[in-house]
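Asker: Quick one: sequence plus predicted model below, questions after.
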Amino acid sequence: MVCGIVLNLYHHLCMELKLQLEAFFSCVVLRLAQSRHGASYQQQEVVMEALVNFIRQKTFMVEMYANLDCDITCNNEFEDLSNLLSKSAFPVNCLLSIMRILALDGLIAVIQGMAERIGNGSAILEQVSFNFEEYIPFWTVKCEGYADPFHWVPFIRRRKYIKRRLMIGADHFNRDPKKGLEFL
């Protein structure tokens with residue numbers, strides 16, 4: 001029931017519920033699906049089915065990637081959900097189960113969504129060059145237009161690049177603060 005309510009909220013308020021969706025997927029879906037905190041097989045199955053229902057929504061995975069994985073303040077939910085699906089679809093030493101079938105169905109839905117977007121010509125394949133000569137705080141930069149992929153795809157790529165670099169810098173800083181600050 002909770003998964004159905006969240007799916008309805010996503011349909012009607014997806015742009016306003018960014019942080020709530022992140023919390024739902026990281027704290028509920030991923031924990032239950034990975035059998036953390038003693039989740040039963042039935043709970044795992046229900047959560048996996050709900051996840052597949054979300055993935056079947058045309059823009060869900062694109063929005064997860066653009067709004068969460070490319071945002072420096074959010075977790076990499078697209079990456080975590082993709083890892084969950086692949087681990088569940090191809091577990092080690094496990095017979096065919098409903099969980100595997102659901103996970104495979106989810107992976108297929110993700111791939112079909114990518115193929116549809118590529119088929120519609122909404123993908124931009126050329127590399128975007130970044131100009132870092134003039135410093136602009138990345139948290140103040142806004143996309144000029146989300147309706148046109150020629151505007152938002154480079155914007156999202158830049159945000160993901162910055163997030164990746166900051167994560168590498170944080171890793172360097174955790175090992176050696178002086179070198180980490182030099183890198184950043």
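Answerer: Good, I have the coordinates.
Asker: Name the nearest residue to I98, sequence neighbours excluded.
Answerer: E45 (5.8 Å; C-beta to C-beta, 6 or more residues apart in numbering). Any C-beta I mention is one placed from the backbone N, CA and C, and that applies to glycine too.
Asker: can you pull out the helices in this structure?
Answerer: 2-13, 18-23, 30-33, 41-55, 60-64, 77-89, 98-119, 149-175, 177-183 (DSSP state H).
Asker: so where is the protein shaky, pLDDT-wise?
Answerer: 15, 36, 92-96, 120-151 (pLDDT under 70).
Asker: one step back: tell me which of the helices of the chain sits nearest to D71.
Answerer: With C-beta to C-beta as the criterion, D71 lies closest to helix 149-175 of these, at 6.9 Å.
Asker: If you tally nearby residues, what's the number for V47?
Answerer: By other C-beta atoms under 10 Å, 23 other residues sit near V47.
Asker: ok, now the one 10 residues further on?
Answerer: Number of residues near Q57 (other C-beta under 10 Å) recorded here: 16.
Asker: Distance of it relative to R164?
Answerer: Q57 sits 27 Å away from R164, going by C-beta to C-beta, to the nearest Å.
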